[in-house]
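Engineer: here is a sequence with its predicted model. Questions after.
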Amino acid sequence: MEDGGKLSPVLEGLKMPSPLITRRTRTQSTSERGMRNPDQSGTILSFCRTKGHGFIKPDKPEGNKEHIFCHVSDVEGEYIPLKDDRVTFRLCPIPPKMDRYQAIHVRIVNFSHAKHHKWNEPPSAEEKQEQLDDATFVN
């Protein structure tokens, strides 16, 4: 976030889906619909470990799917995704209307040049500062 509580131009327009569907709360039928979709590829636009979500810019956006929501529970592998990581994923419809999608089975296939951390490592200084910034913004 920039000063004044405004989103950076890169993140403007990115919104979390409501209701928020995680791997744990997704129904079996919704998961099966997602698994029938083909693998797609894209680039991590943003990902915040402390918030537990991020967004992917697909290589071939379809319709209104320019930026795809990604929940932490759908990231596979031992490394935390970072901006500019190349990933593969499948699209899963978001209930109740099934007209919006989120990324599931997200796998990093090409790491960006930044240092990557594993999920079991403590948050970095940048992640801690981001969390403090977010808490300050809310108050």
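Structural biologist: On my side now, so go ahead. Numbers count the residues shown, from 1 in each chain.

Engineer: excluding sequence neighbours, find me the nearest residue to Lys118.
Structural biologist: Glu78 (5.0 Å; CB to CB, 6 or more residues apart in numbering). Quick note: C-beta positions are derived from backbone N, CA and C, even for glycine.

Engineer: before we move on, what's the pLDDT of the one you found?
Structural biologist: At Glu78, the pLDDT value in this model is 93.

Engineer: give the full set of residues in contact with it.
Structural biologist: Going by CB atoms under 8 Å, 6 or more residues apart in numbering, Glu78 touches Lys118, Trp119, Asn120.

Engineer: the first one touches Ile80, doesn't it?
Structural biologist: Yes: the pair formed by Lys118 and Ile80 meets the contact definition of CB atoms under 8 Å, at 7.2 Å.

Engineer: between these two, which is the more surrounded one?
Structural biologist: With neighbours defined as other CB atoms under 10 Å, Lys118 and Ile80 compare such that Ile80 has more, 21 against 9.

Engineer: phi, psi of that one?
Structural biologist: The phi/psi pair for Ile80 (degrees, to the nearest 10) reads phi -80, psi 130.

Engineer: which among the contacts of Glu78 gets closest to Arg49?
Structural biologist: Nearest to Arg49 among the contacts of Glu78, counting by CB to CB, is Trp119 at 8.2 Å.

Engineer: just give me the neighbour total for that closest one.
Structural biologist: Neighbour tally, Trp119, other CB under 10 Å: 11.

Engineer: may I ask you to confirm that it is in contact with Ile80?
Structural biologist: Yes: Trp119 is in contact with Ile80 according to CB under 8 Å; the separation is 6.2 Å.

Engineer: do me a favour and get the end-to-end distance for stretch 95-114?
Structural biologist: 35 Å (CA to CA, to the nearest Å).

Engineer: residues of it that come out buried?
Structural biologist: Pro95, Arg100, Tyr101, Gln102, Ala103, Ile104, His105, Val106, Ile108 (16 or more other CB atoms under 10 Å).
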